[in-house]
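S.K.: Need a 3D model of the sequence below.
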Amino acid sequence: MPTPPGQPWAWNRSSGTGTTMKMPFMITGENTMAFRRGDVVLVPFPYTDLTAAKTRPAVIVSSGRYHAIRSEFLLAFVTSRIAPAHPLLDYVLRDWQQAGLLKPSLVRPKIAAITESLVVYRIGALSARDLREVDQRLRVALALP
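M.R.: Here you go, the predicted structure:
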């Protein structure tokens, strides 16, 4: 699969290991870009058992106020494996191409804290509509009003 214009990365299928990231150049992690809530970024997202991490897209769900205090982000998991999606918790992105994703994807309220220096690349940003829907799923998952 060729790399899409404007995106220095592409998804690759490895035999038996699932989807992996392929990048034609190295990014140091030093980035002067100010990341914001709703940005879709590539990060080493930890497995739930914390034995390893996989470089994958994730959505920044923490606020600017949080970022002013901490040098990390709270991120929600993004996957292109849409089935089975739980309607109360998982949100299938309507504007996935605008978010810079290569395939239809969903956001799952699986949250990780990742230091800013581990962000590999900013892919894009969620639309206002998609971010509102992700917020609603987070409220359900965290029992917030």
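S.K.: residue ranges for the strands of this protein, please.
M.R.: 10-14, 18-22, 39-46, 53-60, 72-79, 91-92, 106-115, 121-125 (DSSP state E).
S.K.: Can you pull the poorly scored residue ranges out of this structure?
M.R.: The chain contains residues with pLDDT under 70 at 1-33.
S.K.: give me that answer again for 50
M.R.: For the chain, the stretches flagged by pLDDT under 50 are 1-4, 8, 11-32.
S.K.: of all the strands of the chain, which lies closest to residue 98?
M.R.: For residue 98, the closest of the strands of the chain is strand 121-125, at 6.6 Å, according to C-beta to C-beta. Bear in mind the C-beta positions are built from the backbone N, C-alpha and C, glycine included.
S.K.: neighbouring strands for the closest one, and are they parallel or not?
M.R.: strand 39-46 (antiparallel) (DSSP bridges).
S.K.: what's the angle from the strand it pairs with to strand 106-115?
M.R.: If you take axes from the mean of the first three to the mean of the last three C-alpha atoms, to 10 degrees, strand 39-46 sits at 70 degrees to strand 106-115.
S.K.: which parts of the lengthiest helix in the chain are buried?
M.R.: Longest helix in the chain by number of residues (criterion: DSSP state H): helix 128-142. Neighbour-count burial for helix 128-142, counted by 16 or more other C-beta atoms under 10 Å, picks out 130, 131, 133, 134, 137, 138, 141.
S.K.: Tell me if I'm right that the first one and residue 97 touch.
M.R.: No: when contacts are counted by C-beta atoms under 8 Å, residue 130 is not listed as touching residue 97 (11.3 Å).
S.K.: Would you check how far apart the residue nearest the centre of the chain and residue 123 are?
M.R.: When the chain is reduced to its mean C-alpha position, the closest residue under C-alpha atoms, centre = their mean turns out to be residue 58, at 0.9 Å. From residue 58 over to residue 123 the distance is 10 Å, taken as C-beta to C-beta, to the nearest Å.
S.K.: Are there residues contacting both of those two? Which ones?
M.R.: 40, 41, 42 (C-beta atoms under 8 Å, 6 or more residues apart in numbering).
S.K.: coming back round to it: any residues touching the longest helix of the chain, and which ones?
M.R.: Everything outside helix 128-142 that qualifies as a contact, by C-beta under 8 Å, 6+ apart, is 37-38, 59, 61, 76, 88-91, 93-95, 99, 107, 109, 126, 144-145.
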